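Peer 1: with the input below, show me the fold.
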Amino acid sequence: MAFVGQDGLNNCGGFAMAYWVWMALNGRHPNDGPQYNDAAMANNIYQQIMFRNDVFGGLDSDFSDPRKMIRMLRQDFGMSSTVLRTANAALFYGLRENFNPADVIADFPERNTLPDLGPGQYAILIVGPDENSPTHYVLVQGTCDGVNVIDPANGVLVYYHGINIGDLYVGNPGLVNTQTAIYINP
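Peer 2: Below you'll find the predicted structure:
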């Protein structure tokens, strides 16, 4: 079983946020399978977080905007200390000009990877075709000895033993870890 997968080309951000709502707030698990209005809920979130005409960095207007994702997590779901963290210096300098400074934490040069997630903590990891192209969102959940990853491409939970968020997609053909993620903290 799995959660419903994304049904559009660029709505992965809405689906990653919906997975967090279903798991963290509603106590669901991907093994529970999809429910009747899951795709509609995820697409409703996506409609609210699209870049639209407010684009930066050459990203398409129908991509999910991490600024709007942070705003929605804070305002609609009460996750007051949600921030974007990055260990990617090049990407950070592009983000810095477009984000409220309080919304971005830079984890470089001290670190070259993202901070670990503890058990039950969540982040939305931004991956892409290269380290400076943030074009796809996946939900990551910390466990006591690794992480669970749910990719909106298929809605399936995959468990990675002994690694953490900064190690995901490293050396993976097709998608690369941009070392940038939205850390969702209550």
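Peer 1: residue closest to the middle of the chain?
Peer 2: residue 124 (2.0 Å; Cα atoms, centre = their mean).
Peer 1: least trustworthy helix or strand in this structure by mean pLDDT?
Peer 2: Least confident helix or strand of the chain, by mean pLDDT, DSSP states H and E, is helix 89-96 with a mean of 69.
Peer 1: okay, now residue 31: neighbour count?
Peer 2: Counted with other Cβ atoms under 10 Å, residues neighbouring residue 31 total 10. Using the backbone N, CA and C atoms, a C-beta is placed for each residue, glycine as well.
Peer 1: which residues touch the helix ranked longest in the chain?
Peer 2: Determined from DSSP state H, the single longest helix within the chain is helix 38-49. Contact partners of helix 38-49, identified using Cβ atoms under 8 Å, 6 or more residues apart in numbering, comprise 3-4, 6-8, 11, 13-15, 17-18, 21-22, 64-65, 68-69, 72.
Peer 1: among those residues, name the buried ones.
Peer 2: Buried members of these, counted by 16 or more other Cβ atoms under 10 Å: 3-4, 6, 11, 13-15, 17-18, 21-22, 64-65, 68-69, 72.
Peer 1: out of the residues you listed, which sit inside helices?
Peer 2: Among the buried ones among the contacts of helix 38-49, the ones falling in helices (DSSP H) are 13, 14, 15, 17, 18, 68, 69, 72.
Peer 1: which of those has the weakest pLDDT?
Peer 2: Across those, the bottom pLDDT score, 88, is held by residue 68.
Peer 1: which non-adjacent residue is nearest it?
Peer 2: Distances taken as Cβ to Cβ, 6 or more residues apart in numbering put residue 49 closest to residue 68, at 4.1 Å, once the chain neighbours are dropped.
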